[in-house]
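Asks: 3D model of this:
(chains A and B)
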Amino acid sequence: METFIHQVVAGIATGGVYASLALALVMIYQSTHHINFAQGEIAMFATYLAWTLINAGVPYWVAFFGTILLAFALGVLIQRIIIRPVEKAPVLNVVVVFIGLLVILNSLAGWIFTYTIKSFPSPFPKEPPFGLSFISSHELGSIGVTLVLLVMLYSFFRFTPLGLAMRAAAQNPDSSRLVGIRVGWMLALGWGLAAVLGSIAGMMIAPIVFLEPNMMSGVLLYAFAAALVGGIDSPGGAVLGGFLVGILENLLGAYVIGTELKLSVALVLIVTVLTIRPAGLFGKVIVTRV
Amino acid sequence: MTSTQSPDASGAKLPWLRISVIVAVACALPFFLSNYHVFQASMVLSTAIALVGLNILTGYSGQISLGHGAFLAIGAYTTAILMDKFDVPYWATIPVAGLVCLIAGFLFGLPALKLEGHYLALATFALAVALPQLLKFRYLEPWTGGVQGIVIMKPDPPMASFLGLTLNSDRWLYFVALLVTAIMYLVAWNLLRGRIGRALIAIRDQPTAAALMGIDTSLYKSLAFGVSALFTGVAGSLSAILVAFVAPDSFTVFLSITLMVGMVVGGLTSLPGALYGATFVQFVPNLADQISKAAPWAIYGALLIILMVVLPTGISGGLNLLWSKVARKSGASI
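Replies: Modelled structure (predicted):
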């Protein structure tokens, strides 16, 4: 029973990371209707920035918030310089641009920081919290971080004028422009926020999977699965999907099929959910008028 | 999706003169190149077949796939297993690989039918990610050889020389690849210029109107998936014969992404575009490597982004534009 609980809790912890990245995917999807394939690499790159800061002797939390700022700037810059010229292009062209971005970031990280695996510190204490044996402090901490993020994002979009402006720009760019919202900058802001979410996900997962340029490829697939299971246009669904995927992955890996087919499980999960509910569990079913 | 129809698919006549020149050049090519370059040229041909397949799915029927590397793998493994375990001659494995992929593609296409755009892209992406793991799966190992893969014999040419020109294994395989490519191009051209091609384009551009006109959209969509997988499977089989080796790690997600990149760079809904795209995929990574040893993929990525900004319709679209400009200028001067 103890191991079972531990598997579930560990699933929730990694699920929290998938949830943060899924949330980033949903954010960009909501504001631009593109799925950002480079999201994982942006997160990876930001984590390297955090590693550099920490290695330079900066205290962890200063580095943490410093990285968030840098990630925000990175996201905004990428949107302004690379994504804006192809904003109106067909979907496939945008996908190719994302892929270009993915290989650029991956290659740059390998070049600047080398491909050797690095360990990344956890901000949480080593010993388990409150004497509990089935959860580590890092797991509890990253679950907490995910929940805080979710509440902050929700409040930002629900209660602030800027959040409202961003939602408006995503939903109806033309009318928003007419009421004076700077739609282009709202999109850049969305990219910045998504990069921030990614960087936090990266800093939370790096102590578990270790830091290397390809650390995000598996995580990104699970985040895709999470976002789709929950519904690509539903932030709450994405978070729930993330936890669901995390728990399922751990339980199936531990009890049913072993670790070697973990990714195939994600495939089966994606295809099954999409076959039964093409819009995801919480997604809106889009009805088009002809 | 673009709604323009490319002339090569709708034009009723083949430009025979241009084709005979291309065939003549293609036949003479291997006698002027080193063996390694001949091998590279054969790989370009095999990739071009896969890109034609992907184009049938994405360009003509408007379904995005990021998982065609999986069908390439299925084709390659079919050939390798047939040659290794059952001693089937290499040429006979090519149609079998195509058939296996047709069935696999059709079956995958059935549930994927419900998905559109990004959702389909993600489902196929997951397929591409999962397949290498499946190939390494220990219960399949007696067949697939696990991580080690399968080494197959590189076939020898049936004769040492032909009309006084010496043939070696690479040159012979180049001609095999050339023949297969020609056949597949002819099949694709015939398929796309007629009823089926029109039905696919109609479904892509106006799904509702197409269904109203009596086109069985779900049948055509999964058929497009199947046929596209068939082409890719043939390409996979061919590449397995050319490389004489298959292993799970040659069929990573990155391969699927490369295929998609090749298709978009070459140009959507363009059969010649598949050749340009395949050439890009084969040679540009090496070129990037020569520019910067330290971060070659950064150069590659930058090239991709620049290309998408400068030539949004791909190389074939750019060439068409250039051609029509030249034609208009010369027309005006007369």
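Asks: near chain A, which residues of the stretch 151-300 of chain B?
Replies: Residues of the stretch 151-300 of chain B lying near chain A by C-beta under 8 Å from any C-beta of the partner chain: B:208, B:253, B:257, B:260-261, B:264-265, B:268, B:294-298, B:300. Any C-beta I mention is one placed from the backbone N, CA and C, and that applies to glycine too.
Asks: the same query, at a cut-off of 6 Å, please.
Replies: Within the stretch 151-300 of chain B, the positions near chain A by C-beta under 6 Å from any C-beta of the partner chain are B:208, B:257, B:261, B:264, B:294-295, B:297-298, B:300.
Asks: quick one: buried ones out of the residues you listed?
Replies: With burial judged by 16 or more other C-beta atoms under 10 Å in any protein chain shown, the buried subset of these is B:257, B:261, B:264, B:295, B:297-298, B:300.
Asks: in those residues, find the pair that's most separated.
Replies: B:264 and B:295 (22.7 Å; C-beta to C-beta).
Asks: off-centre distance for the lowest-mean-pLDDT helix or strand in chain A?
Replies: In chain A, no helix or strand scores lower on mean pLDDT, DSSP states H and E than helix A:262-276, which sits at a mean of 74. Between the centre of helix A:262-276 and the centre of its chain there are 19 Å (C-alpha atoms, centre = their mean, to the nearest Å).
Asks: all strands for chain B, in order.
Replies: Ranges of strands in chain B, per DSSP state E, are B:150-151, B:161-162, B:165-166, B:245-246.
Asks: of those, which stretch is the most buried?
Replies: strand B:245-246 (a mean of 20; mean count of other C-beta atoms under 10 Å in any protein chain shown).
Asks: give me the contact list for it.
Replies: Applying C-beta atoms under 6 Å, 6 or more residues apart in numbering or on different chains, the contact partners of strand B:245-246 are B:76-77, B:80, B:149-151, B:240.
Asks: would stretch B:89-106 count as contacting chain A?
Replies: No - using C-beta under 6 Å from any C-beta, stretch B:89-106 stays clear of chain A, coming no nearer than 13.8 Å.
Asks: from what I see, residue B:72 and residue B:231 are in contact.
Replies: No - Residue B:72 is beyond contact range of residue B:231, at 10.2 Å (criterion: C-beta atoms under 6 Å).
Asks: neighbour-wise, which of the two wins?
Replies: Neighbour count, other C-beta atoms under 10 Å in any protein chain shown: between residue B:72 and residue B:231, residue B:72 has more, with 34 against 31.
Asks: gap between the nearest residue in space to that one that is not next to it in sequence and residue B:98?
Replies: Of all residues not flanking residue B:72 in the chain, residue B:236 sits nearest, at 3.8 Å (C-beta to C-beta, 6 or more residues apart in numbering or on different chains). Taking C-beta to C-beta, to the nearest Å as the measure, residue B:236 falls 9 Å from residue B:98.
Asks: contacting residues around residue A:183?
Replies: Contacts of residue A:183 by C-beta under 6 Å, 6+ apart are A:169, A:173, A:176-177.
Asks: nearest to residue B:188 among these?
Replies: Proximity of the contacts of residue A:183 to residue B:188 (C-beta to C-beta) peaks at residue A:173, which lies at 39.1 Å.
Asks: list the residues that contact that closest one.
Replies: Here residue A:173 is in contact with residue A:183 (C-beta under 6 Å, 6+ apart).
Asks: what's the pLDDT at it?
Replies: Note for residue A:173: predicted pLDDT of 83.
Asks: so which of the residues of the stretch 151-300 of chain B next to chain A sit within helices?
Replies: Judged by DSSP state H, the subset of those located in helices is B:208, B:257, B:261, B:264, B:297-298, B:300.
Asks: CSV for these, including pLDDT?
Replies: Formatted as CSV, those follow (pLDDT from 0 to 100):
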residue, pLDDT
B:208, 84
B:257, 83
B:261, 86
B:264, 88
B:297, 82
B:298, 84
B:300, 85
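Asks: for these, work out which two are farthest apart.
Replies: Among these, the pair separated by the greatest distance (C-beta to C-beta) is B:208 and B:298, at 43.8 Å.
Asks: picking up where we left off before, please name whichever of the strands of chain B is nearest to residue A:96.
Replies: That would be strand B:245-246 among the strands of chain B, by C-beta to C-beta, at 27.5 Å.
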